[in-house]
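Asker: okay, structure incoming, though there's no sequence with it:
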């Protein structure tokens, strides 16, 4: 037995270090496939059902392979879990040090240069000053931090807008011209990543490295022999966004503020410069007025002529600014950088305005205070295929939801990996015993105005029987808000479970409260359908209101459907149904997270019974035992919850 296979055995050091570890044939089967792909530099797409232990199934062979590996994740939570928990545990079990590195995006690292500029320019005319106390805390922390990871400073949340003044972007980074380059935290993190045996990144960073868009820094991929994409189901949509083109009002106004700051410091902020920057602001304000009130998403055919003309005028103004300040003769690097940013913004804007309608979708997004103009390509598979083919290393894609039924074509076609080996590994959990699937009869059509009321009425007996302990997952914020109101109105004094509603507090806070309370009902939309792990009886019910078809107004969906239509293919059957199947599998997967878990999944969409495509959804779900009535679901919950719920609850 190879050394790495011994690590997944019952008597291994990993088993000793990991409480509750048990050898699983499913985990070993996946590890074997990963090891083969690493050895042959092959391509592997593997769906590993919940409970397989896929993280260790790829980490163990990867660390034993002796090759440099990049692990890319879809979420920061998984990045942190791998770096702070899983990899240190494996390293201790191996009995030898493993050089690992965690690499995040620029916005996660302190930029000393931009912080110094902000602190040194309190009286800059027209420059908004805010959150002085937070800036003081950041400045004090900057004196001692080594990594510069902004998550270290808990007293200033990483989503606080003040960080925009103390972090850099690809646009405003000065690269090697920066006076703080030698102490740059991004450079340091990159160097550590280049020296590591295993590097943890996210999908955005991986795509940036693939596209060579991080100028001034070394690449990761040329030194890697393997790339493992965890949460790989998210990768196609991330790629579609990444390979698109966008320019927003905030980017232009941010450029204007930075340019004013740098020009003032350099003594170059004369009347002509002031006029140029004021012109940016005026053109942005005019565009904002034209776009406001047209809806959140605006299809290009609905774009008013005034908006197109205004965007063209803005591109011209950016070009004029760039021509003046993107000059090699300028001694101040920061000013030259502002000129280059203006030139790049103008190029992006011209690309959007002049985009080829045969290759993608132009659209705009507007709120009361900001807007973006965007171009989204119809297809990114060919570009991904080209990037992968250019790098002869192993490519491994894994997630709990990649296949529709037993077929992987939908996924492999989207990522340009049609030649990859595919492997579907079922969950080791006993779903037939642990879970029940309840499809209430007589539900109105999802488009019916009374559908949400019917969902709440059908779910309430289950909630009462379990004393709460439920996720209620919705496909829209409107339905979520209505359900929250209806639940509050229908609850009686005997209903002791607290309600937690998305939007009332931050997502992480809601999840922490749900776990602490142990009997809550949490109402959420898309962000709670995946990446949420609640074990034990605190989560005994998952209610899903509708099949999760993407909104027809979603620009990524529109672009994909238009591309398929132009290719003579059926967008509904080839894209919308498979995507909804994968999303439903994610939602259902919230329930059973452990061999001792149990519960009921209720899906309140009659189309599972009445439409032909309903069979595709049901065939893709875990093999749960079907129950036909609420009484059966209630009996199952009461049997398993026992004394946790008072028996006098109706």
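Answerer: Noted; the coordinates are in hand. This structure is a prediction, so every number in the text was calculated from the model and none was measured.
Asker: which residues touch residue 38?
Answerer: Shown in contact with residue 38 (C-beta atoms under 8 Å, 6 or more residues apart in numbering): 61, 62, 65, 67, 225, 226, 394, 396. Every residue, glycine included, has its C-beta placed from N, CA and C.
Asker: same question, residue 554
Answerer: Contacts of residue 554 (C-beta under 8 Å, 6+ apart): none.
Asker: now residue 167
Answerer: Counting by C-beta under 8 Å, 6+ apart, residue 167 has contacts 106, 107, 108, 109, 110, 111, 114, 150.
Asker: repeat for residue 204
Answerer: 105, 238, 242.
Asker: which of those lies closest to residue 423?
Answerer: Closest approach to residue 423 among those (C-beta to C-beta): residue 238, at 22.8 Å.
Asker: remind me which residues of the stretch 101-250 of the chain are low pLDDT?
Answerer: Along the stretch 101-250 of the chain, the model assigns pLDDT under 70 to residues 121-131, 212-219.
Asker: show me where it has its strands.
Answerer: Assigned by DSSP state E, counting those that start in this stretch, the stretch 101-250 of the chain shows strands spanning 198-202, 226-229, 245-248.
Asker: so can I have CSV of those showing mean neighbour count and distance to residue 188?
Answerer: Below are the strands of the stretch 101-250 of the chain laid out as CSV (neighbours: other C-beta atoms under 10 Å; distance: least, C-beta to C-beta, whole Å):
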stretch, mean neighbour count, distance to residue 188
strand 198-202, 25, 14
strand 226-229, 24, 23
strand 245-248, 20, 29
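Asker: and the ones you listed as JSON lines, adding distance to residue 417?
Answerer: Formatted as JSON lines, the strands of the stretch 101-250 of the chain follow (distance: least, C-beta to C-beta, whole Å):
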{"stretch": "strand 198-202", "distance to residue 417": "19"}
{"stretch": "strand 226-229", "distance to residue 417": "10"}
{"stretch": "strand 245-248", "distance to residue 417": "25"}
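Asker: who wins for proximity to residue 559 among those strands?
Answerer: Nearest of these (C-beta to C-beta): strand 245-248, 12.3 Å.
Asker: remind me what that closest one packs against, helices and strands.
Answerer: If you count contacts as 3 or more C-beta pairs under 8 Å, 6 or more residues apart in numbering; DSSP states H and E, strand 245-248 packs onto helix 333-353, strand 371-377.
Asker: buried deepest among those, which one?
Answerer: strand 371-377 (a mean of 23; mean count of other C-beta atoms under 10 Å).
Asker: quick one: end-to-end length of stretch 410-425, please.
Answerer: 18 Å (C-alpha to C-alpha, to the nearest Å).
Asker: what's the answer for stretch 187-205, then?
Answerer: 14 Å.
Asker: how much space separates the residue of the chain most remote from its centre from residue 282?
Answerer: Going by C-alpha atoms, centre = their mean, the residue of the chain most distant from its centre is residue 271, 44.1 Å out. Look at residue 271 and residue 282: by C-beta to C-beta, to the nearest Å, they are 16 Å apart.
Asker: and residue 373, by the same measure?
Answerer: When residue 373 is compared with residue 282 (using C-beta to C-beta), they lie 17 Å apart.
Asker: who's in contact with stretch 375-392?
Answerer: So stretch 375-392 is contacted by 41, 43, 210-211, 221-222, 224, 227, 236, 239-241, 243-246, 351-352, 355, 359-363, 395, 413-417, 555-556, 559-560, 562-564, 566 (C-beta under 8 Å, 6+ apart).
Asker: buried ones only from these, please, as a PyMOL command.
Answerer: Selection of the buried residues among those in PyMOL, burial being defined by 16 or more other C-beta atoms under 10 Å:
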select buried, resi 43+210+224+227+236+239+240+241+243+244+245+246+352+355+360+361+362+363+395+413+414+415+416+417+555+556+559+560+562+563+564
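Asker: closest to residue 30 out of the helices and strands packed on strand 245-248?
Answerer: Among the helices and strands packed on strand 245-248, the nearest to residue 30 by C-beta to C-beta is strand 371-377 (32.6 Å).
Asker: in the helix or strand that comes right after that closest one, what's buried?
Answerer: Per DSSP states H and E, the first helix or strand lying C-terminal to strand 371-377 is helix 381-389. By neighbour count on 16+ other C-beta under 10 Å, the buried set for helix 381-389 is 381, 383, 384, 387, 388.
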